[in-house]
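Undergrad: When you get a sec, could you give me coordinates for this:
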Amino acid sequence: MNSNPAIIDIKNLEKTYGSGSSVISVLRGINLEIQKGEVVSITGPSGTGKSTLLNLMGCLDNFDRGSLAISGTDVSSFEVDALSDFRNKHIGFIFQLHNLLPEFTALENVMMPLLIRRCKHAEAKEKSRELLARFGLENRSHHKPGEMSGGECQRVAVARAIVGEPDIILADEPTGSLDSKNSMNLLEVLLNLCREKGSTAVIVTHDMKIAGMTERIISMLDGLIVSQ
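TA: The predicted structure is shown next:
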């Protein structure tokens, strides 16, 4: 048993939607510990609560009961501004549909988390350029999302999530819109970067080939973890 405190520590977590007779229990008592530097995947059928659990880990939604600690900090007590600041410093989120800002270039999108932290503009620009080059996008840095392919946009989204070297990378079906070859290439670069920096990575995926690249597979069914 690992004696170090978990970087993500979840106890009896419950989440419902709706009210009265229309309440739907999405998470029904989740208990989970993820250690610093671990690379894990969460799998299971659609509608089983995987993305909801990931959103809660990413402090993007509120839960009804239970507790959630990130890096030893109980996040449930944070006000909105404090939670946003905590998320920016500690968590990088990769969305399936990339969620890039369409009016900004690839370089500007990647720079955004660093600028929010009040990093110097020149430092943010240089770091973002280096990361885009690692993803093979050095020639696309001044293109806007509408001028790039879906695969290129997704690589930019991954670069944006990890540019600030967050403690935790959360990815919701990050390769869902990519073909098999590009999926494996993207995940390989992402996981190598996580391991270099000692970042924790949690990846929601339906693809068991992708899950097989992680160190631990967490299986969910009907709002519960059924195996780890």
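
Undergrad: what's the residue minimising distance to the centre of the chain in contact with, if anything?
TA: Nearest to the mean C-alpha position of the chain, counting by CA atoms, centre = their mean, stands residue 170 at 1.6 Å. Contact partners of residue 170, counting by CB atoms under 8 Å, 6 or more residues apart in numbering, are 54, 57, 58, 91, 92, 93, 94, 201, 202. Any C-beta I mention is one placed from the backbone N, CA and C, and that applies to glycine too.

Undergrad: mind checking pLDDT for the second one?
TA: Put plainly, it is residue 57. At residue 57 the predicted local confidence, pLDDT, stands at 94.

Undergrad: how many neighbours does it have?
TA: Burial of residue 57 is recorded as 23 neighbouring residues (other CB atoms under 10 Å).

Undergrad: And the third one, by the same measure?
TA: Under the neighbour criterion other CB under 10 Å, residue 58 is assigned a count of 19.

Undergrad: these two touch, right, it and residue 87?
TA: Yes: checked against CB atoms under 8 Å, the pair residue 58 and residue 87 is within contact range at 6.9 Å.

Undergrad: the helices in the chain, which residues?
TA: Under the criterion DSSP state H, the chain carries helices at the ranges 50-57, 80-90, 106-116, 121-134, 150-162, 180-197, 208-211.

Undergrad: Which one, of the ones you listed, ends up nearest to residue 5?
TA: Proximity to residue 5 (CB to CB) singles out helix 80-90 among these, at 14.6 Å.

Undergrad: quick one, that closest one and helix 106-116 angle?
TA: 120 degrees (axes from the mean of the first three to the mean of the last three CA atoms, to 10 degrees).

Undergrad: List of residues touching helix 80-90?
TA: Contacting residues not belonging to helix 80-90 are listed as 58-60, 70-71, 73, 75, 78, 113, 116-117, 164, 166-168 [CB under 8 Å, 6+ apart].

Undergrad: Filter those residues down to the buried ones, PyMOL style.
TA: Provided next is the PyMOL selection string for whichever of those are buried by 16 or more other CB atoms under 10 Å:
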select buried, resi 58+59+70+71+75+113+164+166+167+168
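
Undergrad: TSV please, covering the helices of the chain and showing distance to residue 10.
TA: As requested, those are arranged in TSV below (distance: least, CB to CB, whole Å):
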stretch	distance to residue 10
helix 50-57	8
helix 80-90	16
helix 106-116	25
helix 121-134	30
helix 150-162	21
helix 180-197	20
helix 208-211	20
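
Undergrad: Looking at the contacts of residue 170, which is nearest residue 178?
TA: Distance from residue 178 was checked for each of the contacts of residue 170 by CB to CB. The minimum falls on residue 94, at 12.2 Å.
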